[in-house]
Structure formats: structure tokens, C-alpha cells
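[1] sharing a model prediction with you, sequence too.
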Amino acid sequence: MSAAPDDSLIARYLDHVRVEKRLSARTQALYARHLQVLREQCQQAGLAWDQVREAHVRRWAAELRARGLHPRSVALALSCWRGFYTWQGRQGLIRQHPVQGVRAPKAAKPLPKALAVEEALRLAGHAPDAAASDWQAVQDRCMVELLYGSGLRIAELLGLDRRYHPQARGWIDRAAAEVHVCGKGGKWRAVPLGSAAAQALDEWLTARAQMGLPVDGEALFLGARGQRLTPQVARRRLQTWALAAGLPNRVHPHMLRHSFATHILQSSADLRAVQELLGHAHIGTTQVYTRLDFQHLSRVYE
């Protein structure tokens, strides 16, 4: 039996999560980093993959926490290690699972930050000065309407194309008033395109056709040079828009998704519908918005 971990197993597992589980590139990078930490721990202890026991994993997780890693980061590392060993078990490479019984340290679960209804309406209703009413301002308004009106993630928003084509990772069906997006885990969903978002979209498509820049194929949202808009630029544009609208706090794209979910839940109390609109695989992920809704009811009562 080898006294060192087999490096090739990590590469094979990363191929598995990329091809079969279809995890995002960012998640794949996190998995690779955490598996490298596990490999280093095994090497230092002189252990092959199948020699690792639960006591080893508990000690290594405790060491990560002692180094100052946040409980969530430790939980992510354990989740990655657990998936790696689960995969090894399915390949018949191990006899016992050393991570299955190891629990991550508990961490306080902060509530997602959401705008008040009045703040969301002020953000969506903001009209830039006439001097600033260029094509970028029209695009910014369309992005705000889709983030808040359809509850999209920033990656889903910026992955949208103007129309359907076989390679599209998202598109808008204007006739059906639907937005089709490919969310986490490669899961497709369709969400409604509200009237305000539809109007903002029509204005942007008109401005887009008149902007006179070379454009990146079918990409709906564009940067200054005509390429598909990047998340970094989109976040900056949103923050600038929020400041101009008079919102003092930092506003980021996911805050509009949280606001979308919270405000629908406040008005309908339909948790399952919110789950479908957000594309959550598990209802427990959506239930955090009930805590936000309770806070709203408490404020109304007071």
C-alpha cells in the first residue's frame, strides 16, 4: 500500500465535477484548492488516501479553524473532502469514509441584505440627468429592472443573449414575456418579464442598435468596447446608479435578488413560488427569506 496520496485521483475527481456535476469554474477552483490542502496534510502525515481516518480529518479541520479560517470556509473544505471521498467510494477505492461523520463548526447565519420596498422603487425609478442619458444609462436601467424584477443572479444576467440560439446560456423571449436562464448546477428556469422590465429592455435594445459600436455577437449587455459586460463593471455601474438614486448604503447585484424574493414573499406568502422563481434546488435555501419577512412584520407591528 502506498504511503503517499495518488495525485492523479484529484485530477480525475475534478474532471468528474466539471463534466458530470457541471459545477461552475469558480467552484472548481475552490475544490482544487481545498483538495490541495488535503493532499498536503496526507503527505505530511505519510498517508495514502485510503489510510485517512476520521480522527485525521477532525484534527485537520480543527487546524484550519485555528489558522483563522471562517467556519463557513472550514465547512466548504469539509464538503469538498466529503465529496472527494464519496466519489472514491463509488470507484471502489476506499473501504470506509473518513469525512462522513465529521461536522463543520457552527457559524452564525447572517440574513441576506435586502432593500426596503421604497428603496427598491427609488432605485428602479431613478432617472439620470439629461447629460448622463447615454446608452450606458439606458443599459443600467435595464439591468436594474431585470435584477430586481426577475430575481436574476449577476452571472445569469450577464449571460443573457438577445434571442435564442443553440449555444445560448440564457435569452429573453420578448413575445412570451419570459427570461430563460441557466442557473447553478446547469439548471434551466424561466421567470416572468414584468412590464417595467420589458419597457426598459425595449429602450435598451433600441439604444443598443444605435450605439455604433462593434458588438460581441448576441450578448445582451455590453461594455464600452462592445464586448460582453463583465461582472466587475456591472457591479460598479450598479453602485454608481444607486448613489445617484440617493441610496446611502452599498448596493450590489445580489441585494436586488434578495429584495425580489423578500418583497414577493411579503405580498404573497408563497414560499414554493419564490423557490421556483429563484431556482433554488432545496426549499431550505429559500426559507431564509421568511426570517426577513418576519422582521418586516415586526417593524409594521411596532
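    That came through fine. Note that the structure is a prediction, hence the values are computed from the model and not measured. Numbers count the residues shown, from 1 in each chain.
[2] pLDDT below threshold where in this protein?
    Filtered on pLDDT under 70, the chain yields the residue ranges 1-4, 107-111, 129-133, 213-216, 291-302.
[3] same thing but 50
    1-2, 130-132, 301 (pLDDT under 50).
[4] distance-wise, check the residue nearest to the spatial centre of it relative to residue 165.
    With distances taken as C-alpha atoms, centre = their mean, residue 153 lies nearest the centre of the chain, 5.7 Å away. Using C-beta to C-beta, to the nearest Å, we find residue 153 at a distance of 21 Å from residue 165. For glycine as for every other residue, the C-beta is placed from the backbone atoms N, C-alpha and C.
[5] same deal with residue 176?
    16 Å.
[6] with residue 103 instead?
    46 Å.
[7] got the buried residues for stretch 140-153?
    By neighbour count, and taking 16 or more other C-beta atoms under 10 Å as the criterion, the buried residues in stretch 140-153 are 140-153.
[8] let me have these in CSV, extended by distance to residue 223.
    Below are the buried residues of stretch 140-153 laid out as CSV (distance: C-beta to C-beta, whole Å):
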residue, distance to residue 223
140, 13
141, 17
142, 15
143, 13
144, 17
145, 19
146, 17
147, 17
148, 22
149, 23
150, 22
151, 24
152, 18
153, 19
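[9] tell me which of these fall in helices.
    Residues of the buried residues of stretch 140-153 located in helices (DSSP state H): 140, 141, 142, 143, 144, 145, 146, 147, 148, 149, 150.
[10] got TSV for those, with distance to residue 217 too?
    Written out in TSV, the entries for these read as follows (distance: C-beta to C-beta, whole Å):
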residue	distance to residue 217
140	21
141	23
142	18
143	19
144	24
145	23
146	19
147	22
148	27
149	25
150	22
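[11] residues of the helix or strand encompassing residue 17 that come out buried?
    Element membership of residue 17, judged by DSSP states H and E, is helix 7-19. Buried residues in helix 7-19, counted by 16+ other C-beta under 10 Å: 9, 10, 13, 14, 16, 17.
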